[in-house]
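In: I'd like to go over a predicted model; first the sequence, then the structure.
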Amino acid sequence: MKEAEWYTINNVDELDTPALVVYPDRIKYNIELLKSLVDNEERLRPHAKTHKSADAVGLMIRSGINKFKCATISEAEMLGMAGAEDVLLAYQPTGPKLHRFIELIKAYPGTRYSCLIDNERSASEISLQAIANRIIVPVFIDLNVGMNRTGIKPAGALRLYPFCNTLAGLSLKGLHAYDGHIHDSDFEVRRKRSENTMQPVHQLIDELQKQGFEKPLLIAGGSPTMPVVKEIEGAELSPGTFVYWDKGYGDAYPEQPFKPAALLIARVISLPEDGKICIDLGHKSVSAERPLHERVFFLNAPELKFVSHSEEHLVADAGVNHKHNVGDVLYGLPYHVCPSVALYERAITIENNLISGEWKTIARDRKITI
C-alpha cells in the first residue's frame, strides 16, 4: 500500500461518524522517535493533555518512559490508574482542587505526585493540608518566562524558593518553566527566543546554588522548543502533541518528523447547492479555536475550501463539477489535535487498515473517581 494511503480503513462502513481514530503502530513510532531525540529517556516527562488515555500511557510505560506531566486532576488520576511512577500536576491546586489533589496522593501510593506553586499563600495552604493529612507534597516553583499565564518571574523566585524550603509538609524539588509563547516556525528564530527566555532561569539556578541550595531539577519547554531545551544539561522535557501529532505542528516544525497518528473520520451528508458539500464535522467534533481554514485538513480531499462551520455541520466549496457524493468518507487531520481529542469519549484503534478496538479518553471527564 502506498504511503499516501496509510490512513485507509477497509471496513470504514462499520464506523459511524464523526469519529476519532488512532493508529497504534504510528503512535509507537512517535514514542521511539521521541526517545531517539534525547540522550537519556529519563529526561522525558511527556504531557498527557493530548491523548488523555491510559492506553497511550501504557505504550509509553512499556517503552521505558515512567515520568509524566498533566494539567487536570482527571489526567493525574488516569496516570495513576495506568501505573505511572512519577506525575507532575502542572497546575497550582487551590480550594477544592487542592483537597482532590491530596485525596489523589493518598489513593495512588504507587505514584509520586507533585504540583506547582508560584506564591507564598498557596505554598502555605498546601503545607497545612499536607501536615493535616500526614503526607509530604513534592512541589516545583512555577516560573513565568514570558507566557504571562501563570508563574512567578525568575527574580521573584529568589525569595519564594527559600520560603518554600522552610515549610513543613513540602518537599521542594525544583523549577518549572513553560515557554508556550514561543512557536515560531523558523527554527533559528525559535532557538534564539528560547535561549533568551531561559537565560534568567539559568541565572536563578546559579544564584540558588550560591546560596547553598543543591542544583534544582528543571522541567522546561513543550513541543516547539524541545529541540532547543534538550541541550540544557539534565533538564526534563515535556512534549505532548508528539504522540498523535497534527497538521499545525507538522507544518510549523518540519525538523520534528513525527507521524500523524490520529484522524477525524467524517462523511458528506448533503449537497446543498452547486459546488457545495456539507460534512458532519461541526464545532462539537473538531476544535474550532483556529481560523476556519485551519481547523481540519482532509487527506483524501485537500482541495476543499471551507465556507461555514456550526455545531454539527461543516460546509465546504468543492468546486464546480466535483465528484463528491452523499456518504463519501473523508479522513481529516486536525490542525490542533489536543482540544479535538477532548471532544470524543473514545478513540477507535486502526491496525492493518481495520478497526481493531477502542481506547477510552477517560481523562476528558472533569472527574473519574476523585
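Out: Cool, the structure landed.

In: if you count residues, which helix in this structure comes out on top?
Out: Using DSSP state H to define each element, the chain has its longest helix at helix 187-210.

In: which parts of the helix or strand following that one are buried?
Out: Scanning forward in sequence from helix 187-210 by DSSP states H and E, the next helix or strand is strand 217-220. By 16 or more other C-beta atoms under 10 Å, the buried positions in strand 217-220 come out as 218-220. Placement of C-beta: from N, CA and C, glycine included.

In: coming back round to it: so for the longest helix of the chain, mean pLDDT?
Out: Across helix 187-210, pLDDT averages out at 97.

In: pLDDT and distance to Asp246 for the buried residues of strand 217-220 - can I get that in CSV?
Out: CSV is the format used below for those (pLDDT from 0 to 100; distance: C-beta to C-beta, whole Å):
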residue, pLDDT, distance to Asp246
Leu218, 98, 27
Ile219, 98, 23
Ala220, 97, 22
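
In: thinking again about what came up before, and the contacts of the longest helix of the chain?
Out: Residues outside helix 187-210 that contact it (C-beta atoms under 8 Å, 6 or more residues apart in numbering) are 143, 145-146, 153-155, 157-158, 161, 175, 177, 179, 182-184, 215-216, 218, 220-221, 224-225, 227-229, 232, 253, 255.

In: which of those count as buried?
Out: If we count by 16+ other C-beta under 10 Å, these have these buried: 143, 145-146, 154, 157, 161, 175, 177, 179, 182-184, 216, 218, 220-221, 224-225, 227-229, 232, 253.

In: Now, those residues that are in strands?
Out: Mapping these onto strands (DSSP state E) picks out 143, 175, 177, 218, 220.

In: Report how many residues lie close to Val259.
Out: Rather than Val, residue 259 is Lys. Other residues within reach of Lys259 by the criterion other C-beta atoms under 10 Å amount to 16.

In: Let's see the pLDDT reported for Glu5.
Out: 88.

In: Ok, Pro254 next?
Out: For Pro254, the predicted pLDDT is 95.

In: ok, it - how many residues close by?
Out: Using other C-beta under 10 Å: Pro254 sits among 10 other residues.

In: just Ser185 next, same as before
Out: 11.

In: can you check Asn325 too?
Out: Close neighbours of Asn325, defined as other C-beta under 10 Å, add up to 9.

In: What of Phe101?
Out: Neighbours around Phe101, by other C-beta under 10 Å: 22.

In: if I pick it, what's in contact with it?
Out: 73, 76, 89, 93, 113, 115.

In: rerun at 10 Å
Out: Contacts for Phe101 (C-beta atoms under 10 Å, 6 or more residues apart in numbering) come out as 73, 76, 89, 91, 93-94, 113, 115, 126, 129, 137, 370.

In: taking the residues you listed one by one, which sit in helices?
Out: Members of those lying in helices (criterion: DSSP H): 73, 76, 126, 129.

In: Where does pLDDT dip in the stretch 1-150 of the chain?
Out: Applying pLDDT under 70 to the stretch 1-150 of the chain flags residues 1-4.

In: can you do 50?
Out: 1-2, 4 (pLDDT under 50).

In: The protein: helices as residue ranges?
Out: Under DSSP H, the chain gives helices at 24-36, 54-62, 73-82, 96-107, 120-132, 157-165, 187-210, 226-229, 247-252, 337-341.

In: Mind listing what's buried along the second one?
Out: Of the residues in helix 54-62, those with enough neighbours to count as buried (16+ other C-beta under 10 Å) are 54-57, 59-61.

In: how much space between the residue nearest to Tyr91 when sequence neighbours are not counted and Ile126?
Out: Spatially, and ignoring its direct neighbours in sequence, Tyr91 is nearest to Ala71 (5.6 Å; C-beta to C-beta, 6 or more residues apart in numbering). As defined by C-beta to C-beta, to the nearest Å, Ala71 lies at a distance of 17 Å from Ile126.

In: And these two? Which one has more around it.
Out: Neighbour count, other C-beta under 10 Å: between Ala71 and Ile126, Ile126 has more, with 24 against 16.

In: Correct me if wrong: that one contacts Thr94.
Out: Yes. Ile126 lies in contact with Thr94 (C-beta atoms under 10 Å); the separation is 8.8 Å.

In: Now the common contact residues for these two.
Out: 101, 117.

In: give me every residue that touches the closest residue to Ile31 other than its chain neighbours.
Out: For Ile31, ignoring the flanking residues on the chain, the nearest one in space by C-beta to C-beta, 6+ apart is Ser63 at 5.1 Å. Counting by C-beta under 10 Å, 6+ apart, Ser63 makes contact with 28, 31-32, 34-35, 41, 44.

In: Which of those are buried, as a PyMOL select command?
Out: Here is the PyMOL command that selects the buried residues among those (16+ other C-beta under 10 Å):
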select buried, resi 31+34+41+44
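
In: Test my guess that Lys49 contacts Leu79.
Out: No. At 11.4 Å, Lys49 does not count as touching Leu79 under the criterion of C-beta under 10 Å.

In: who's more crowded, these two?
Out: Leu79 (28 against 21).

In: Distance check, the nearest residue to the more buried one once chain neighbours are set aside against Tyr178.
Out: Using C-beta to C-beta, 6+ apart and skipping the chain neighbours, the partner closest in space to Leu79 is Val87 (4.7 Å). Here Val87 is placed at a distance of 16 Å from Tyr178 (C-beta to C-beta).

In: what do you get for Ile27?
Out: Counting by C-beta to C-beta, the gap from Ile27 to Tyr178 is 24 Å.

In: Just put the helices of the chain in a markdown table and tack on distance to Glu273.
Out: Shown next, in a markdown table, are the helices of the chain (distance: least, C-beta to C-beta, whole Å):
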| stretch | distance to Glu273 |
| --- | --- |
| helix 24-36 | 38 |
| helix 54-62 | 42 |
| helix 73-82 | 43 |
| helix 96-107 | 49 |
| helix 120-132 | 56 |
| helix 157-165 | 59 |
| helix 187-210 | 44 |
| helix 226-229 | 46 |
| helix 247-252 | 28 |
| helix 337-341 | 28 |
